[in-house]
Structures are given as C-alpha cells and as structure tokens.
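this is a predicted model, with the sequence first.
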Amino acid sequence: MPFNRLCLLTASLSGVLLSFPLWAQQGLTGEYYRGTDFAQKVHVRIDPTLDFDWSTRPPLPDLDWSYYSIRWTGGLRAPVSGQYTFYCGVDDGIRLWVGKHLVIDEWHLTPYRHYEGQIHLVAGRTYPIRIDYFNDIHGGRIDLRWERPDQPDRWFGWLSDPGETIPTVYLHPPSRPNRPRQPAVTPDIPLVLLAKKALPVKPKREPTAQTWITRSQPRPVDDAPPLIIRPVTGPPPVVAPLSLLFAPGSYELTPASRQQLDSVLVYWKKNPPGRIEVVGHADRLGDRGLNKTLSEYRARVVMAYLTRQGIAPTQLRGRWHGDEQPLTLDAMPTRRARNRRTLILSHYD
C-alpha cells in the first residue's frame, strides 16, 4: 500500500535526522552562558543562522532576560572569490573572527546598531568563524549578514538592512567535537604530584631540559618549584602570586579557581591592596595570535569576577602575554597545564 510505505519512509528519515550529532548538522555551534563574561555554560545547540531578537524574551528558558553571553563557532565556506563585507547588527557587544582575522571588534555597551568589516576570501575554501556576543541589561539582539562580491546593487537598498543573512548552506559546526576538558586542579595538591599520577606505572627516563629546548621554543622564564596554593591567612600574596589554571582552549573559571579567589577575597576585604595585577598566559599549542586573545580573555574573566565580588575596577590592572612566557616545556603534556594560567599579584605600596 503506497500510503503506508510513505509513512514508514518518513518515520525512518526522521529517526536518521534526529540521530545525527550536533557537529554533523548545518549551522554554527552556539554555546550559551549565564553572565556577560562566559562564566557559566548552560546550553549548547546548533543555530542555522544568526538572526535573533530577544528584546522581549530571554534566548533560553534557563537564561535571564539580561546578562548573558553566547559564542558561536564553526566553518564558513566562501562561494566566490573577492572582498566580503560582514555586517553585525547588535545590542550590546560583538567580536567576529573569520579565519585568523578579527574582522569586527566592538566589545562595549551600545543600543542596537550595525557594525561592519571586510576581508578577502577565496572561492571553495572553508574558513573558521567565531562570534562572541554579550548582552548586558535589558533585552538583546544580534544578526549576522554579509555582502558577497558578486552581489548586484539593489535599488533603494538604503531603505533596508545592509547585505543579506548568511544562508545556512555556507555554515557548518566544527568538524569534530571538542576534546574533553582536563579535571580541575584542587588548590591544596601540588602540581608536581598531579604530574606524577598522570605518568605510567613504569615511566621511562625523561630527557633533560637541554634535549627539549630548541630554537623555536624559548627557555622557560621561571624554573621555580611548583607553587602550592592555600587559603590566604598570612601576609599578602606578593612574593608568591596566586595562580589560576585553565583547561585547554578555555577561559572558564573552574570551581577550584573560584575557591582560590574567594579565599584571597576574604583577606583583601580586611586588608585592601592598593592595586591588583591580573596577568593572563597560554600554552604554545595552536595559533599564536589566538593564544594572545585567549590569555586576554582569561585575565578579563578573572577581573570581571573580582569586580562582581566588590573589588573596585580602579584597583585592577590587566595584562596578557599569550604564549610568550611559559613556565615549563609544552613538549611534556603532564606539565603543560602550568602554562595555561592567570597570575594575580596584590600590591600594598
């Protein structure tokens, strides 16, 4: 019977589509966070296009109407070669990367308005794309559009929004899922003990430092023994700065890092420092430009957390060095975590 066969075929196709993992669908992977600094992830989904108006409702039931942030990542395929113009209509802040280039950087509060940036793309190539977005108070709004080099001029184009919404067919999520995060380092366990636990039962003899250091990998700037972080009860942490560790490719504060910050905040509230330096770092894996941005975000996330806990913004000074100042050799994975850090130094002068 044709009708029954059609029903069975439709049910089968629906089951196949629903069984696809997120990274196999078309669109961009959207990571939704509570707070404006990507601090607490609440949901991950695939968004076919970026054209959202949340001025009267939150993006998700688990988010508030205000104070959230979203990161979209994936690939963008260029249909033709030439100069592309990207338009982002946004309320509030937006950063857009295409390939290795920061095309739009408007990370500040603003009512809804359009920003634009240009980049040359080659037909047939797929470029990594990333959009960071945050909304502060009240509702948010964001749309991502482009103007292709082969797009004809439109009559009375000034009456409508510039460009066109990027079709889903040119967008896809990252080709494979993200690697699992490493377990958080507890504040009272020396890092050297964690490294020993990660080694095989019968480890081979490790090469000397001279064997690993090459011209392309600078000598570590600090070869001091591992730092043990404990709640601050004595003098302010100036000689031994507070060190927060991060997972690979992440600038999300771990529960252990929050515990470290809460411990030092107890002392600071009784003995306020004159100024606090927050210095972000990254390991040497991946693109150096992106590592510099990652170290900046790690420092800014810590500064935002301290500000929410009552530290005046005028007391904070942020710096970021990317992968330029490693503590240990990245060729040794068990110790590489020490390079993914943010240092916090308090000054009472």
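Sure thing, it's come through.

tell me the pLDDT of I189.
On pLDDT, I189 comes in at 40.

just the one 10 residues further on next, same as before
In the predicted model, L199 carries a pLDDT score of 45.

can you pull out the helices in the stretch 101-250 of the chain?
In the stretch 101-250 of the chain, the segments counted as helices under DSSP state H, counting those that start in this stretch are 191-198, 209-212.

is it correct that L244 is in contact with R258?
No. Using Cβ atoms under 8 Å as the test, L244 is too far from R258 to be in contact (9.1 Å). Glycine gets a C-beta too; all of them are placed from N, C-alpha and C.

out of these two, which sits in the busier spot?
Per other Cβ atoms under 10 Å, whichever of L244 and R258 has more neighbours is L244, with 25 against 14.

what pLDDT does the more buried one get?
Predicted confidence (pLDDT) for L244: 90.

got the contact list for it?
Contacts for L244 (Cβ atoms under 8 Å, 6 or more residues apart in numbering) come out as L253, S257, Q260, L261, R298, V302, R341, T342, I344.

now, those residues that are in helices?
Using DSSP state H, S257, Q260, L261, R298, V302 are the members of the contacts of L244 that sit in helices.

can you redo the residues you listed as TSV with neighbour count, distance to R284 and pLDDT?
Shown next, in TSV, are the ones in helices among the contacts of L244 (neighbours: other Cβ atoms under 10 Å; distance: Cβ to Cβ, whole Å; pLDDT from 0 to 100):
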residue	neighbour count	distance to R284	pLDDT
S257	23	22	88
Q260	24	25	88
L261	18	26	89
R298	27	15	91
V302	26	21	91
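
farthest-apart pair in the residues you listed, please.
Across those, the longest distance by Cβ to Cβ is 14.0 Å; it joins Q260 and R298.

continuing past the helix or strand harbouring Y84, what's the next helix or strand?
If you go by DSSP states H and E, Y84 is part of strand 82-91. Per DSSP H and E, the first helix or strand lying C-terminal to strand 82-91 is strand 93-98.

give me the sheet partners of that next one and which way each runs.
According to DSSP bridges, strand 93-98 has the following sheet partners: strand 101-106 (antiparallel), strand 126-135 (antiparallel).

quick one: closest of these to Y33.
Using Cβ to Cβ, those put strand 126-135 closest to Y33, at 8.7 Å.

could I have the CA atoms of that closest one written out in PDB?
Output of strand 126-135 as PDB, limited to C-alpha atoms (Å, rounded to 0.1, in the frame of the first residue of the first chain):
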ATOM      1  CA  THR A 126      36.200  27.000   4.300                       C
ATOM      2  CA  TYR A 127      37.300  29.400   7.000                       C
ATOM      3  CA  PRO A 128      37.000  29.100  10.700                       C
ATOM      4  CA  ILE A 129      34.400  31.600  12.000                       C
ATOM      5  CA  ARG A 130      33.800  32.700  15.600                       C
ATOM      6  CA  ILE A 131      31.300  35.200  17.000                       C
ATOM      7  CA  ASP A 132      31.500  36.300  20.600                       C
ATOM      8  CA  TYR A 133      28.400  38.200  21.900                       C
ATOM      9  CA  PHE A 134      27.200  39.600  25.200                       C
ATOM     10  CA  ASN A 135      24.100  41.400  26.300                       C
END
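
picking that back up, packing partners of the strand holding Y84?
strand 93-98, strand 101-106, strand 113-121, strand 126-135, strand 140-147 (3 or more Cβ pairs under 8 Å, 6 or more residues apart in numbering; DSSP states H and E).

for that strand, list every residue counted as buried.
Neighbour-count burial for strand 82-91, with 16 or more other Cβ atoms under 10 Å as criterion, is recorded at Y84, T85, F86, Y87, C88, G89, V90, D91.
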